[in-house]
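Engineer: mind looking at a prediction? Sequence and model below.
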Amino acid sequence: MRPSPLRRTIGAPVVLVALCALLPAAADAHIVEGEAVGFVSGVMHPLSGWDHIIAMVAVGIWGAQLGRPAIWALPVTFPLIMAVGGFLGLIGLKLPGGEIAIALSGVCLGTAVVLEARPPLWGAAFPVGLFGLFHGYAHGAELPPGENALLYSLGFVLATGLLHATGVAIGLVHRWRWGRMALRAVGVGILGGGLVFLFGAVA
Amino acid sequence: MNRRVVGLGAACALLLAPQVAEAHLVVTGMGPLYDGITHFALSPEDSLPVIALAFYAGLQGPLHTRTLLGVLPAAWIAGGLLIAATGIAPQPVLAPAATAMLLLGVGILLASNFGLPSWACALVALALGVLRGGADAVGVAMSGSTAIDLLGMAASVFTLFALAASVTLPLKRFWMIVAARVSGSWLAAVGLLLAGWVIRYGARVQ
């Protein structure tokens, strides 16, 4: 049976969303501060430092180089263990050497991309998880109060995941010879950035 | 791209739009039923676990989906009526703590795609519905028509669950199933961060 024109053109989910959007704006006796700031702040937090960005993109690139199942296992491992680190930072646990570990993540992951290292899955997931722990701890320890916690956390994890996805998308050029060379060049850049941050952390 | 995926993505984007949420009364001016519908639609702490559970139920198959489609809205109403009838005023910190645990638990379930029997899934849906329904009842208590509000929320729960489950139910392609499971891992990560936040800031968590 041929679907109705309405269903063909816009579909039930979009109709539902449009109805919600057209509802009168909710009257509210309370000014709820921090909600818009919460999600946007959460998204911006992983983007707050190049040391974080290059590591998260590198995870995606390396996963793409390794192929299945690392291509999705690594972008799952990093945010999840990062959340564990964030949890530890939030509850006030002390984790020494965070800045050095974060800088080392750029160095190690950049090296892995340059060399197209092919360890077994656990051999890739372990360092990725370890670095994720320190990245998460650094974020968790500095999370500000006054944010909408759920929206902030959601923005934070989404931004991290999208950085991984960006890395995976970049890494998909691995199927071509020129792509493999380009990825190695990108890896050199990540490695160089990691070394700069490492120098800054130990100096 | 699949229209259902696009529509669900648009719905998620709307849910993330910064508007009135949580325990604050939503007044649309169209009566308590629509207030309840809007309250749910604008509360990510309600909708995110429902979407995750729906994705999971869809991956498990039609039996699980049908079972939860009936249990979840009913549990939502039951939880809300329980709070309304007993007049219990839970500690403010319990709502975000419960949200964190629900996101963590349902997220892990979706990420692992662990094959729970349908009755066990129903128990998970029961816990989710009762906890969130109870929390919502506290928020709408000032409206004076809690039952109608809850009915509106249950209608939203039913609709969103059905839509979300319809996304994963027909999935056959490996990478699409992986994408659904990855979303579960991210939700679990959100739950873990929220749990840390609750421990650190307690009842001040919004």
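Structural biologist: It's in. Residues are numbered from 1 along each chain as shown, chains lettered A, B, ... in the order given.

Engineer: and the lowest mean pLDDT element among the helices and strands of chain A?
Structural biologist: Within chain A, confidence by mean pLDDT, DSSP states H and E is lowest for helix A:11-22 among all helices and strands, at a mean of 46.

Engineer: and the next helix or strand past that helix?
Structural biologist: Moving toward the C-terminus from helix A:11-22, the first helix or strand encountered (DSSP states H and E) is helix A:35-44.

Engineer: distance between the helix or strand that that next one is followed by and the chain's centre?
Structural biologist: Moving toward the C-terminus from helix A:35-44, the next helix or strand (DSSP H and E) is helix A:50-66. Distance of helix A:50-66 from the chain centroid (Cα atoms, centre = their mean, to the nearest Å) equals 9 Å.

Engineer: and stretch B:145-157, by the same measure?
Structural biologist: Worked out by Cα atoms, centre = their mean, stretch B:145-157 lies 14 Å from the chain centre.

Engineer: any idea of the pLDDT on residue 150?
Structural biologist: Going with chain A. What the model reports for residue A:150 is a pLDDT of 87.

Engineer: not quite, go with chain B.
Structural biologist: 88.

Engineer: isn't it up against residue B:82?
Structural biologist: No: if you go by Cβ atoms under 8 Å, residue B:150 and residue B:82 don't touch, sitting 10.6 Å apart. Any C-beta I mention is one placed from the backbone N, CA and C, and that applies to glycine too.

Engineer: which of those two has more neighbours?
Structural biologist: residue B:150 (29 against 14; other Cβ atoms under 10 Å in any protein chain shown).

Engineer: in which helix or strand would I find that one?
Structural biologist: Per DSSP H and E: residue B:150 is located in helix B:146-168.

Engineer: list the buried residues in that helix.
Structural biologist: B:146-161, B:163-168 (16 or more other Cβ atoms under 10 Å in any protein chain shown).

Engineer: residues shared between the contacts of residue B:150 and residue B:82?
Structural biologist: Listed as contacting both residue B:150 and residue B:82 by Cβ atoms under 8 Å, 6 or more residues apart in numbering or on different chains are B:133, B:137.

Engineer: enumerate every residue touching the residue nearest the centre of chain B.
Structural biologist: Note on chain B: the residue nearest the mean C-alpha position is residue B:50, at 3.2 Å, using Cα atoms, centre = their mean. Counting by Cβ under 8 Å, 6+ apart, residue B:50 makes contact with B:72, B:128, B:157, B:160-161, B:164.

Engineer: for the closest residue to residue B:150 other than its chain neighbours, what are its contacts?
Structural biologist: Spatial nearest neighbour of residue B:150, excluding adjacent residues (Cβ to Cβ, 6 or more residues apart in numbering or on different chains): residue B:80 at 4.1 Å. By Cβ under 8 Å, 6+ apart, residue B:80 lies in contact with B:133-134, B:136-137, B:146, B:149-150, B:153.

Engineer: to the chain's geometric centre, what's the distance from the longest helix belonging to chain B?
Structural biologist: Within chain B, and with DSSP state H defining each element, the longest helix by residue count is helix B:174-201. In terms of Cα atoms, centre = their mean, the centre of helix B:174-201 is set 14 Å apart from its chain centre.

Engineer: in that helix, what counts as buried?
Structural biologist: Those would be B:178, B:180-201, for helix B:174-201 by 16+ other Cβ under 10 Å.

Engineer: keep only those that also lie close to chain A.
Structural biologist: On the criterion Cβ under 8 Å from any Cβ of the partner chain, B:178, B:181-182, B:185-186, B:188-190, B:192-201 are the entries of those that sit beside chain A.

Engineer: all helices of chain A, in order?
Structural biologist: For chain A, the helices defined by DSSP H occupy A:5-9, A:11-22, A:35-44, A:50-66, A:70-90, A:98-115, A:121-141, A:149-171, A:177-202.

Engineer: looking at these, which has the lowest confidence?
Structural biologist: Per-stretch mean pLDDT for the helices of chain A is lowest at helix A:11-22 (a mean of 46).

Engineer: from the contacts of residue B:50, which is closest to chain A?
Structural biologist: For the contacts of residue B:50, the closest approach to chain A (Cβ to the nearest Cβ) belongs to residue B:160, at 8.3 Å.

Engineer: surely the closest one meets residue B:54?
Structural biologist: Yes: Residue B:160 is within contact range of residue B:54, at 7.2 Å (criterion: Cβ under 8 Å).

Engineer: give me the neighbour count for the residue nearest to residue A:108 when sequence neighbours are not counted.
Structural biologist: The shortest distance from residue A:108 to any non-neighbouring residue, by Cβ to Cβ, 6+ apart, is to residue A:127 (6.1 Å). Other residues within reach of residue A:127, judged by other Cβ under 10 Å, total 18.

Engineer: any idea how far residue B:156 is from residue A:127?
Structural biologist: 44 Å (Cβ to Cβ, to the nearest Å).
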